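K.L.:
here is a sequence with its predicted model. Questions after.
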Amino acid sequence: MKILVPIKRVVDYNVKVRPLEDGSDVDLRNVKMSVNPFCEIAVEEAVRLKEAGSAEEVVVVSIGEAKAQEQIRAAMAMGADRGILITSHAKLEPLAVAKCLKAIVEKEHANLVILGKQSIDGDNNQTGQMLAALTSMPQGTFASELKIEGDKAVVTREIDGGLQTVSLNLPAVVTTDLRLNEPRFASLPNIMKAKKKPLETIPVDELGVDVAARTTLLSVALPPERSGGVKVDSVAELVEKLKTEAKVIA
């Protein structure tokens, strides 16, 4: 079985992002970039399935500028076998990303696609579902447990009311939740080995898919600063402030 793991290059989760001076976009100058945390979980799960004998190959794919090779190498240091970079200078929307991934799924004949449920920059939570729709694959989203049983993927997923377990016929698409696993730290020998693993580069134009944007970014701004809280001496005073100042009760 071949597992395809899409990953995204994002601003490291420890970095506090800021908008550009003109508010046109997020300021990415001199900030640390990392693999999206949900994508790291997807890579870890794919590697664990390979180590358990459920898969023969783990292929990592990313879309972006040449700098994204760094994140692909990081995923290969975790245990992925090879990488694919779809080069694009434009920021692609979830639908365009899903179309590109569909082309790679067909090219690689992947039996299972595991990807993070969302990226921490856009927070769209759309790509996995769109990919499943485009490829007509069954999907298991928000996975907190994944097992391969023959030609089926058994996914325990988190829902509002608790947990739901679904059985998917392979090939299938699975998106990962935070509680699926804890990604490993890549060892120095594996980091060195990752530098020699194959990494294929494919220009987005060669995929023959429509990646035109459907939305326009108007502006980026920091949220307004919240005023500090106040202490009240009694319940009556609290109720009065909620009525007259906060205006949340009548």
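P.N.:
Arrived safely, thanks for sending.

K.L.:
residue 43 and residue 16: what is the separation?
P.N.:
25 Å (Cβ to Cβ, to the nearest Å). Just so you know, the C-beta spots here come from the backbone N, C-alpha and C atoms, and that holds for glycine as well.

K.L.:
which of these two has more neighbours?
P.N.:
More crowded of residue 43 and residue 16, by other Cβ atoms under 10 Å: residue 43, with 30 against 7.

K.L.:
need phi/psi at that one.
P.N.:
The phi and psi values for residue 43, taken as degrees, to the nearest 10, are phi -60, psi -50.

K.L.:
not counting residues beside it along the chain, what's closest to it?
P.N.:
residue 75 (4.8 Å; Cβ to Cβ, 6 or more residues apart in numbering).

K.L.:
identify the residues contacting the helix or strand bottoming out on mean pLDDT in the chain?
P.N.:
One helix or strand of the chain scores below all others by mean pLDDT, DSSP states H and E: helix 235-244, with a mean of 90. When contacts are defined by Cβ atoms under 8 Å, 6 or more residues apart in numbering, helix 235-244 is touched by residues 230, 232, 248, 249, 250.

K.L.:
and the longest strand seen in the chain, what other elements does it pack with?
P.N.:
Ranked by residue count, the top strand of the chain under DSSP state E comes out as strand 139-149. For strand 139-149, the elements it packs on are helix 37-51, helix 127-135, strand 152-159, strand 162-169, strand 172-176, judged by 3 or more Cβ pairs under 8 Å, 6 or more residues apart in numbering; DSSP states H and E.

K.L.:
re earlier: distance between the least confident helix or strand of the chain and the chain's centre?
P.N.:
Relative to the chain's own centre, helix 235-244 is displaced by 44 Å; criterion: Cα atoms, centre = their mean, to the nearest Å.

K.L.:
what's the closest of the contacts of helix 235-244 to residue 162?
P.N.:
Among the contacts of helix 235-244, residue 248 lies closest to residue 162 (Cβ to Cβ), at 31.3 Å.

K.L.:
residue 75 and residue 4 touch, don't they?
P.N.:
No. Contact criterion Cβ atoms under 8 Å: residue 75 and residue 4 do not qualify, at 11.9 Å.

K.L.:
if we can go back for a sec, and the helices and strands packed on strand 139-149, which is most packed in?
P.N.:
Ranked by mean neighbour count under mean count of other Cβ atoms under 10 Å, the helices and strands packed on strand 139-149 are led by strand 172-176, which reaches a mean of 27.

K.L.:
partners of it in the sheet?
P.N.:
strand 112-116 (parallel), strand 139-149 (parallel) (DSSP bridges).

K.L.:
distance of residue 105 from residue 134?
P.N.:
In terms of Cβ to Cβ, residue 105 sits 9 Å off from residue 134.

K.L.:
cool, residue 201 as well?
P.N.:
Shown here: residue 201 relative to residue 134, a distance of 23 Å by Cβ to Cβ.
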